[in-house]
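*Asks:* sequence? don't have it. structure:
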């Protein structure tokens, strides 16, 4: 899989991990190795969205 394909699987937009910022605010390209590492450590956004919606629905059932 390419870094872009991994971003898509994780629910991120294409190129989300391709650039970063230095301490001085300058743009730098991120290596594929670091992109894979970051994506591997990320939580899939689609899963978080579903969990959040379920929590909202459950909390709504107990609203007094």
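*Replies:* Perfect, thanks for sending it. Everything quoted here is computed from the prediction, not taken from an experiment.

*Asks:* tell me the contacts of residue 62?
*Replies:* Applying Cβ atoms under 8 Å, 6 or more residues apart in numbering, we find residue 62 in contact with no residue. Yep, even glycine has a C-beta here, placed from its N, CA and C like the rest.

*Asks:* what pLDDT does it get?
*Replies:* Residue 62 is assigned a predicted lDDT (pLDDT) of 77.

*Asks:* show me the shaky parts of the chain.
*Replies:* Within the chain, the ranges that satisfy pLDDT under 70 run 63-64.

*Asks:* mind listing the helices for this protein?
*Replies:* All helices of the chain, identified by DSSP state H, fall at 3-10, 32-41, 45-61.

*Asks:* so what does the shortest one touch, helix or strand wise?
*Replies:* Contact analysis of helix 3-10 by 3 or more Cβ pairs under 8 Å, 6 or more residues apart in numbering; DSSP states H and E lists helix 32-41 as its packing neighbours.

*Asks:* what about stretch 14-23, start to end distance?
*Replies:* 24 Å (Cα to Cα, to the nearest Å).

*Asks:* what about residue 22, how many residues nearby?
*Replies:* Residue 22 has 8 neighbours, counted by other Cβ atoms under 10 Å.
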